[in-house]
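J.: coordinates only, sequence not included:
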């Protein structure tokens, strides 16, 4: 089993006990030092206190883990960046009312505001020629979905 899988298996219960999800574990080894990055997410954005608490819990587990060996490591705990693709139903639920760019498996690009989702579908409010229509996309038909950054969203658009 890869060390990233061992880390994920070890720390997932501690992360979930605090009400969060372990999205991914990354490991890089520049020289004799390792950098372990745990990407943690929640139902809403994590604040610094929450990241600190999760970081402590993960650190305690890794310090005691025999598979980490004697090599020194640095632990980084972070939340997913805004550019990280949305892949799970909970990712879409967390971002309801945000502008999303979806690339379908067939290459078609749809941009719209998330108005709802289920375990299998995503609903976007798409504005075309000043007319708003609802577009339902099966999650299985999505190749990539990313949140579009809006710097000047008007109050009437909210």
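T.: Happy to help now that I have it. What you see is a predicted model; the values in this text were computed from it and never measured. Numbering: from 1, shown residues only.
J.: beta partners of residue 135?
T.: Applying DSSP bridges to residue 135 gives these bridge partners: residue 124.
J.: so, low pLDDT: which residues of this protein?
T.: Low-confidence segments of the chain (pLDDT under 70): 153-158.
J.: all helices of it, in order?
T.: 3-17, 48-64, 89-94 (DSSP state H).
J.: quick check: buried residues in the last one?
T.: Burial within helix 89-94, assessed by neighbour count using 16 or more other CB atoms under 10 Å, is assigned to 91-94. (C-beta placed from N, C-alpha, C; glycine too.)
J.: and among the helices of the chain, the most buried is which?
T.: helix 89-94 (a mean of 18; mean count of other CB atoms under 10 Å).
J.: adding distance to residue 138, write the helices of the chain out as TSV.
T.: Listed next are those as TSV, based on distance: least, CB to CB, whole Å:
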stretch	distance to residue 138
helix 3-17	28
helix 48-64	33
helix 89-94	12
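J.: which of the ones you listed sits closest to residue 119?
T.: When the helices of the chain are compared by CB to CB, helix 89-94 sits nearest residue 119, at 4.9 Å.
J.: helices and strands around the closest one, which ones?
T.: strand 109-117 (3 or more CB pairs under 8 Å, 6 or more residues apart in numbering; DSSP states H and E).
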